[in-house]
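below are the sequence and a predicted model for it; my questions follow.
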Amino acid sequence: MPLLQRGLRGEPVRLLQEKLGVTADGIFGAGTDKALRDYQSGNGLAVDGIAGPDTFASMGLYELVIVHKGSRGECVKKVQQQLSLDADGIFGGGTEAAVKQFQTDNGLDADGIVGPATMAKMDVFAEVDEAVVAKSILPPDYKAPEVPAAAADTAAPEDKVSVPQAIASLQTKTEGKSSIWGSIKGMFN
């Protein structure tokens, strides 16, 4: 599932930073990590410094919530409730098949991935509307944040992260436009 963690950069990071009240430069560094951990601690979330669907939903960043096969958590439970499935919070093959059928029935691209466009059609995600779907699209004039040379030179090996496989699969078009997840890059790779 699309996750944000230290070492990544892009539009989703900038949106997260705005919510956290830190410098919104689109680069997930130490300050963003600390602010995220503080937020998670204060809001009953797993304190791991990784922002995923449940953290995004808690923050009202529904334009960043994407769940698919392999995802776990409260957002998955909501999807399963909508589809009248056993709401165990684990997105497996049965959930994926039910999502594809829901997407087909609602005139959506039946890819089995629940993003803002699919959530907008689900009753359990009342917060997601066409405005949220529009925010999930990368602006045509988007420019990736520059990585300061000093940051790359001083990065510890444990700070080096690659773009998660799930994000790479989401760099597709949404209604002819690029998803904001397509802007995610690894800072030090």
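That came through fine.

so, low pLDDT: which residues of this protein?
In the predicted model of the chain, residues 1, 147-177, 187-189 satisfy pLDDT under 70.

residue nearest the middle of it, spatially speaking?
residue 64 (3.8 Å; CA atoms, centre = their mean).

what sits closest to residue 130 if chain neighbours are left out?
Leaving aside its sequence neighbours, residue 130 sits nearest to residue 120 (CB to CB, 6 or more residues apart in numbering; 6.5 Å). Glycine gets a C-beta too; all of them are placed from N, C-alpha and C.

and the helices in the protein?
Using DSSP state H, the helices of the chain run over residues 11-20, 30-42, 53-59, 74-82, 93-105, 116-119, 130-135, 149-153, 165-169.

could those helices go into TSV alongside mean neighbour count and distance to residue 68?
As requested, those are exported to TSV (neighbours: other CB atoms under 10 Å; distance: least, CB to CB, whole Å):
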stretch	mean neighbour count	distance to residue 68
helix 11-20	22	16
helix 30-42	16	22
helix 53-59	22	10
helix 74-82	21	9
helix 93-105	16	7
helix 116-119	24	10
helix 130-135	15	17
helix 149-153	10	31
helix 165-169	15	7
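
go through these and name the closest to residue 143.
Across these, residue 143 has its closest neighbour in helix 11-20 (9.9 Å, CB to CB).

contact partners of that closest one?
Here helix 11-20 makes contact (CB atoms under 8 Å, 6 or more residues apart in numbering) with 2, 4, 23-28, 32, 35-36, 39, 51, 56, 59-61, 63-64, 138, 142, 145, 180-181, 183-184.
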